[in-house]
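sequence first, predicted model second:
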Amino acid sequence: MKQIVIMKNGGTDVLRVQEKQDPIPGKDHIKIRVKACGINFADILARKGLYPDAPPKPCVVGYEVSGIVESVGDGVDKNMIGKAVLALTKFGGYSDVVVAPIFQVFEKPESLSFEEGAAIPVTYLTAYQLIVVMGSLRKGESVLIHNAGGGVGLAALDIAKNIGAVTFGTASAGKHDFLKQRGFDFLIDYRTQDWAKELKRLTQGKGVELIIDPLGGKSWKKSYIALRSTGRLGMFGVSTVSQSKSGGKLRLLKLVFQTSKFHPFSLMSWNKGVFGVNIGHLWHEGAKVKIWMDEILDGVRQGWVRPHVDKTFSLEQAAEAHEYIEQRRNIGKVLLIP
């Protein structure tokens with residue numbers, strides 16, 4: 001099989017194409033011939049040495065794929081062979097062949113292309129956990145989605161609109177036309193506007209019931225302040241750490257000092273809540289994640305889950321794909337195609 005390997009911490013030049021023998025599926029595992037694999041910002045942080053969960057280098061990252069079942073191990077129905085599926089992978093996704101446990105593999109709805117299928121697992125599960133499971137967003141409430149043009153941002157919009165919530169988003173002005181067509185009620189250009197002041201104006205000083213924030217550092221405090229009473233702040237990333245020019249450990253240390261501490265007394269006093277989401281730490285909750293994924297795939301069939309693929313690159317173009325995302329040029333998902 002062919003894989004993209006991160007040889008060491010660094011820029012995109014540390015990505016290498018390597019070949020090795022195909023893996024064999026063990027008990028309760030499935031071998032998938034990959035048609036598309038998703039790229040997530042965690043992959044970029046891992047390449048830079050800023051992602052604590054990343055395996056030791058050299059390593060292969062990647063959390064999600066779509067493809068065709070090629071073979072199965074003991075304990076798996078052989079009728080699965082030949083089926084089109086999408087899957088979560090605990091790293092190793094930047095490959096043309098992967099092996100995954102049965103509980104992390106889901107049949108692909110026929111209405112989805114393989115590219116659209118690979119755009120679903122991480123972004124929509126993360127958004128579902130943020131909006132529904134822990135954010136408890138209700139019809140008529142309001143949500144602010146930071147990085148509205150990203151994969152999780154668009155997934156969160158789909159879910160929030162299906163609930164019947166009022167949606168606010170932050171994004172650069174060049175993405176606003178697309179995002180308006182996609183369904184956002186209000187958009188704020190974070191580059192030319194103070195988003196917190198604009199949100200306060202748009203909500204007549206009330207704030208919103210839910211904010212989902214992948215930025216980290218100072219942004220979390222600002223988001224917390226912008227919440228309405230009974231509001232919830234969902235934190236799911238630290239993308240700002242990649243923008244610092246300091247070394248890896250210094251970047252993380254700086255982020256720690258910039259991050260607010262939410263004391264229980266102040267949470268009670270202000271009637272606000274905070275929570276964190278990391279789908280990569282839920283491998284032990286396969287049954288729970290399956291329930292969420294079944295809801296999402298039902299949404300595909302009903303038409304309200306609409307994965308958007310911005311651009312695809314070949315495996316050999318992985319470096320270009322990383323640069324494209326780091327330059328914040330994408331709207332929605334960027335994929336690698338073996």
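Sure thing, it's come through.

look up how far residue 130 lies from the residue nearest in space to the middle of the chain.
The chain has residue 123 as the residue nearest its centroid, 3.6 Å off, counting by CA atoms, centre = their mean. Plainly put, residue 123 is 11 Å away from residue 130 if you go by CB to CB, to the nearest Å. In this view, the C-beta of every residue, glycine as well, is placed from N, C-alpha and C.

overlap in contacts, those two.
Counting by CB atoms under 8 Å, 6 or more residues apart in numbering, the common neighbours of residue 123 and residue 130 are residue 152.

re the thing from before, look up the pLDDT of the residue nearest to the centre of the chain for me, please.
Confidence at residue 123, expressed as pLDDT, is 98.

grab the nearest non-local neighbour of it.
residue 151 (3.9 Å; CB to CB, 6 or more residues apart in numbering).

what is the burial count for that neighbour?
29 (other CB atoms under 10 Å).

hang on, isn't it packed against residue 325?
No - with contact defined as CB atoms under 8 Å, residue 151 does not count as touching residue 325 (9.6 Å).

list the buried residues in stretch 129-142.
129-132, 134-135, 137, 141-142 (16 or more other CB atoms under 10 Å).

can you pull out the low-pLDDT segments for the protein?
Low-confidence segments of the chain (pLDDT under 70): 239-258.

which stretches in it count as helices?
41-47, 114-118, 121-128, 151-163, 176-182, 195-202, 218-225, 248-258, 264-270, 286-302, 318-326 (DSSP state H).

out of those helices, nearest to residue 76?
helix 286-302 (14.5 Å; CB to CB).

quick one, the closest one and helix 121-128 angle?
90 degrees (axes from the mean of the first three to the mean of the last three CA atoms, to 10 degrees).

with just CA atoms, put helix 286-302 into CSV.
The C-alpha coordinates for helix 286-302 follow below in CSV (Å, rounded to 0.1, in the frame of the first residue of the first chain):
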residue,chain,number,x,y,z
GLY,A,286,-18.0,3.2,20.0
ALA,A,287,-21.6,2.4,20.8
LYS,A,288,-22.4,6.1,21.6
VAL,A,289,-20.6,7.4,18.5
LYS,A,290,-22.6,4.9,16.3
ILE,A,291,-25.8,6.4,17.6
TRP,A,292,-24.6,9.9,16.6
MET,A,293,-23.4,8.6,13.2
ASP,A,294,-26.7,6.9,12.5
GLU,A,295,-28.5,10.2,13.2
ILE,A,296,-26.1,12.0,10.8
LEU,A,297,-26.5,9.4,8.0
ASP,A,298,-30.3,9.7,8.5
GLY,A,299,-29.8,13.4,7.9
VAL,A,300,-28.1,12.5,4.6
ARG,A,301,-31.1,10.5,3.5
GLN,A,302,-33.5,13.3,4.6
